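Chemist: Everything below, folded, please.
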Amino acid sequence: MKKEAMLYEKLDSVLNCHVCQRRCIISNGKTGFCEMRQNQDGILYTLNYAATSSVAVDPIEKKPLFHFYPGSMVFSLGSLGCNFRCSYCQNWNISQADINKTSTRDIPPEEAIRLTQEYGCQSIAWTYNEPTMWFEYTYNSAKLAKKENINTIYVTNGYMSEEVLELISPILDAANVDLKGMSDSFYKKLCEARLQPVLDNIQRMYDSGIHLEITNLVIPGYNDSEEDLKALIKFMAEEVGVEVPLHFSRFFPYYQLKDVHPTPVEALEKAQKMAYEAGLKYVYVGNVPGGDGENTHCPKCQELLIKRDGFHILVNKLNKENKCPECGAGVDLIR
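Modeler: Here you go, the predicted structure:
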């Protein structure tokens, strides 16, 4: 579905898109880097408004969000396009898709909200591809969701413009940001992007009161050095907040990085230990079935509070005030 885009300006014979940090200059008949915004005779159109490639009812832990209504279900939608070109993308078939050659289903915002309610979901999430690539749709959907007391979630690479974040922040309840590494060279080489805008947006989200969780996919030989991990942990502890959950996730060979070995579990456990020693309160290890890495422990006495098996909660010992039953310490969690 085609719709006039938001956040662009005319510069002589070209258009300047302001949706993400690329701020593409788009000539007539051309699309921006994401290939989802096109200049048609001096008007910028979003080509994928309401065009969904993926729809699912997920446990919120799959986002992953472990401290935002744990155990609840979320209605998840994805579209096409991305402003990154990650060489290890797990959803490359939609993030790098040609909209004219890819099958999608139009789900208008009103229908998305109705389906969220019909399936008994507490939240709606825009995920699978970068949500700001169909910003107009997510923005309109979020406004409707808030009227119906439905929580709103972005699973994002954090590369949106300041203008987008200013608009969406008042109606966005939670976000998981994929912080891919802590060097600009990593972002340039593997994602064709820059690091600093992501760091700036993480801080803006935190300051605006959005519930925030961070995921870092640890890729052997690329972003797993002690220097990289220390920089990420320091950023979390000193520039964001020690109460923000950090998810270290295990890499498996995929897309254009099939020659890279899976992340050793020991490397993830070492990163987790480093983060705890630096003062972070909630640090998780993902994509490692059967371990303790996805359980929530009391940040004071280390009592096991929430036991998870994959995306499912087996035990939740927290009382109604979100306090540890053993020592009485408060746990930073929304439910």
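Chemist: residues of stretch 34-41 that come out buried?
Modeler: Neighbour-count burial for stretch 34-41, counted by 16 or more other C-beta atoms under 10 Å, picks out 34-39. All C-beta spots, glycine's among them, are computed from the backbone N, C-alpha and C.
Chemist: got those as TSV, with secondary structure, pLDDT and distance to Pro289 columns?
Modeler: Output for those, formatted as TSV (DSSP: H, G, I helix; E, B strand; the rest coil; pLDDT from 0 to 100; distance: C-beta to C-beta, whole Å):
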residue	secondary structure	pLDDT	distance to Pro289
Cys34	coil	96	34
Glu35	coil	96	36
Met36	coil	97	35
Arg37	strand	97	40
Gln38	strand	97	43
Asn39	strand	98	47
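Chemist: now, which of those residues sits nearest Ala97?
Modeler: When the buried residues of stretch 34-41 are compared for distance to Ala97 (C-beta to C-beta), Glu35 comes out closest, at 8.4 Å.
Chemist: where in this structure is pLDDT low?
Modeler: Counting by pLDDT under 70, the chain contains no low-confidence segment.
Chemist: Tell me which residue lies nearest the centroid of it.
Modeler: Ranked by distance to the mean C-alpha position of the chain (C-alpha atoms, centre = their mean), the top residue is Val155 at 2.4 Å.
Chemist: Then that residue would be within a strand, right?
Modeler: Yes. Val155: assigned to a strand according to DSSP: H, G, I helix; E, B strand; the rest coil.
Chemist: which residues does it contact?
Modeler: Going by C-beta atoms under 8 Å, 6 or more residues apart in numbering, Val155 touches 63, 125-128, 131, 175-176, 178.
Chemist: quick check: domain ranges of this protein?
Modeler: For the chain, the structural domains run 3-46, 179-294, going by automatic domain parsing.
Chemist: Let's have the ones you listed in TSV, adding distance to Asn91.
Modeler: Shown next, in TSV, are those (distance: least, C-beta to C-beta, whole Å):
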stretch	distance to Asn91
domain 3-46	14
domain 179-294	9
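Chemist: Among those domains, which comes closest to Thr138?
Modeler: When the domains of the chain are compared by C-beta to C-beta, domain 3-46 sits nearest Thr138, at 11.0 Å.
Chemist: Now do the helices in the stretch 1-150 of the chain.
Modeler: 92-95, 109-118, 135-147 (DSSP state H, counting those that start in this stretch).
Chemist: and for the last one, what are the contacting residues?
Modeler: Contacts to helix 135-147, defined as C-beta under 8 Å, 6+ apart, come from residues 3, 5-7, 19, 46, 48-50, 79, 109-110, 112-113, 116, 124, 126, 131-132, 151-152, 154, 160, 164, 167-168, 171-172.
Chemist: List the buried residues in that helix.
Modeler: By neighbour count with 16+ other C-beta under 10 Å, helix 135-147 contains the buried residues 135-142, 144-145.
Chemist: What is the distance between that helix and the centre of its chain?
Modeler: Offset of helix 135-147 from its chain centre (C-alpha atoms, centre = their mean, to the nearest Å): 17 Å.
Chemist: Kindly report the same for stretch 81-91.
Modeler: On the basis of C-alpha atoms, centre = their mean, stretch 81-91 sits 13 Å off its chain's mean C-alpha point.
Chemist: Show me where the stretch 201-335 of the chain has its strands.
Modeler: For the stretch 201-335 of the chain, applying DSSP state E, counting those that start in this stretch gives strands covering 211-218, 246-250, 283-286, 296-297, 304-309, 312-316.
Chemist: The contacts of helix 135-147 in strands, which ones?
Modeler: 3, 46, 124, 126, 151-152, 154 (DSSP state E).
Chemist: Show me which of the residues you listed is closest to Asn319.
Modeler: Closest approach to Asn319 among those (C-beta to C-beta): Asn151, at 22.2 Å.
Chemist: pretty sure the closest one contacts Ser123?
Modeler: Yes. Using C-beta atoms under 8 Å, Asn151 makes contact with Ser123 at a distance of 3.7 Å.
Chemist: and for those two, which residues touch both?
Modeler: Shared contacts of Asn151 and Ser123 (C-beta under 8 Å, 6+ apart): 68-69, 74, 173-174.
Chemist: These in strands, which ones?
Modeler: The strands, defined by DSSP E, take in 74, 174 from these.
Chemist: For the shared contacts of Asn151 and Ser123, which single residue is the most surrounded?
Modeler: Comparing these by number of neighbours (other C-beta atoms under 10 Å), Val74 comes first, having 29 neighbours.
Chemist: thinking Ile26 is in contact with Gly42, fair?
Modeler: No. Using C-beta under 8 Å, Ile26 makes no contact with Gly42, being 10.5 Å away.
Chemist: Looking at those two, which one has more neighbours?
Modeler: Neighbours were counted for Ile26 and for Gly42 using other C-beta under 10 Å; Ile26 has more, 19 against 10.
Chemist: circling back to that earlier point, and for Ile26 and Gly42, which residues touch both?
Modeler: With C-beta under 8 Å, 6+ apart, Ile26 and Gly42 have common neighbours Leu15.
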